[in-house]
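Participant: what follows is a predicted structure for the sequence shown.
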Amino acid sequence: MNASGSAEFLWRGYRLQLLAERAIWDPQQGLLLVADLHLGKAESFQSQGIPLPSDGDGATFNALLALAQSHRPAQVLVLGDLIHSRLGLTADLRQKLGALPDLLGCPLRLIGGNHERGCWLEGLEQEPSLALGPLWLSHAPEPRAGLLNLCGHRHPVALIGGGADRLRLPCFAYDPSAEQLVLPAFGQLTGGHPCPPDEVLWLVAEGTVVPWSTTPPRTGLSPRRPGPAPRRRG
């Protein structure tokens with residue numbers, strides 16, 4: 001783990017940074033990756049009579065802009081579910097999305113997710129899953145032989161502790177058998193789903209990324225010892 005609170009992920013000699021802001025930085029390609037922003041979620045619920053505050057999008061936009069300012073990426077790529085639904089695609093949100101590439105200072109690309117289906121975003125084409133260098137980028141998990149699959153969709157969280165002290169923390173989740181790394185949801189108004197026990201996790205908590213084991217020893221859960229990056233089984 002480095003001083004900024006991120007953690008290094010090494011796959012076949014290829015280095016990625018798992019960021020405490022729930023994003024991945026690929027320094028070799030100058031690529032900033034995020035997933036599952038779900039912009040317009042509050043407005044989608046409001047249109048159905050469910051009162052949610054409309055302040056989540058501002059925090060999500062600001063977090064993304066801060067990351068772009070600190071890393072100066074060559075491009076930002078969203079691994080699906082940039083928006084929550086067409087019901088939340090207000091004129092204001094369309095205007096903000098249209099201005100986003102200029103504010104980021106680089107191209108913005110979108111792998112189409114299930115929440116973008118049937119939506120049209122001016123100036124932002126929904127791309128299919130694609131390869132960039134050794135990475136296979138998709139929205140839902142989509143292992144590809146010989147490539148590291150980076151994806152979103154699952155909103156992974158880790159369940160820590162028990163009873164009244166139980167926590168649900170967003171996390172990065174790596175499946176060594178599938179060579180698949182799932183990003184936590186980047187959006188402020190998103191829930192999460194627990195990870196299966198055979199995945200390697202990195203918790204996101206209090207501005208840092210912490211390696212963690214999902215296999216509880218007799219004394220309870222304890223952090224996974226930082227060490228060599230996960231390697232392919234077999």
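Facilitator: Okay, I see it.

Participant: which other helices and strands does the longest strand seen in the chain contact?
Facilitator: Longest strand in the chain by number of residues (criterion: DSSP state E): strand 167-175. Packing partners of strand 167-175 (3 or more CB pairs under 8 Å, 6 or more residues apart in numbering; DSSP states H and E): strand 156-160, strand 180-182, strand 200-205. From N, CA and C alone the C-beta is placed, and that goes for glycine too.

Participant: closest one to A63 among the ones you listed?
Facilitator: A63 lies closest, by CB to CB, to one member of the helices and strands packed on strand 167-175: strand 200-205, at 12.3 Å.

Participant: on that earlier part again, adding mean neighbour count, distance to G192 and mean pLDDT, write the helices and strands packed on strand 167-175 out as a markdown table.
Facilitator: Converted to a markdown table, the helices and strands packed on strand 167-175 look like this (neighbours: other CB atoms under 10 Å; distance: least, CB to CB, whole Å; pLDDT from 0 to 100):
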| stretch | mean neighbour count | distance to G192 | mean pLDDT |
| --- | --- | --- | --- |
| strand 156-160 | 21 | 3 | 92 |
| strand 180-182 | 23 | 11 | 98 |
| strand 200-205 | 22 | 11 | 96 |
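
Participant: any low-confidence regions in the protein?
Facilitator: By pLDDT under 70, the weakly predicted segments of the chain are 1-4, 41-56, 84-88, 115, 118, 120, 164, 189-190, 213-234.

Participant: any idea where the helices of it begin and end?
Facilitator: 41-46, 56-71, 91-104 (DSSP state H).

Participant: so for F9, which of those helices sits nearest?
Facilitator: Among the helices of the chain, helix 56-71 comes nearest to F9, with 15.9 Å by CB to CB.

Participant: ok, and what's touching that closest one?
Facilitator: Contacts of helix 56-71 with the rest of the structure, by CB atoms under 8 Å, 6 or more residues apart in numbering, involve 19, 21, 23, 25, 32, 34, 37, 39-42, 76, 93, 96, 100, 103-106, 186-189.

Participant: select only the buried ones of those residues in ChimeraX?
Facilitator: In ChimeraX, this line selects whichever of the contacts of helix 56-71 come out buried by 16 or more other CB atoms under 10 Å:
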select :19,21,23,25,32,34,37,39,40,41,42,76,93,96,100,104,106,186,187,188,189
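
Participant: ok so, going back, in TSV: the helices and strands packed on strand 167-175, plus distance to L148.
Facilitator: Output for these, formatted as TSV (distance: least, CB to CB, whole Å):
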stretch	distance to L148
strand 156-160	16
strand 180-182	6
strand 200-205	13
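
Participant: which one of those strands lies closest to W136?
Facilitator: Nearest to W136, of all the helices and strands packed on strand 167-175, is strand 180-182, at 8.9 Å by CB to CB.

Participant: how far does the closest one sit from the chain's center?
Facilitator: Here strand 180-182 is found 10 Å from its chain centre; the criterion is CA atoms, centre = their mean, to the nearest Å.

Participant: show me the contact partners of that strand.
Facilitator: Contacts of strand 180-182 (CB under 8 Å, 6+ apart): 9, 11, 16, 24, 141, 143, 148-154, 156, 172-175.
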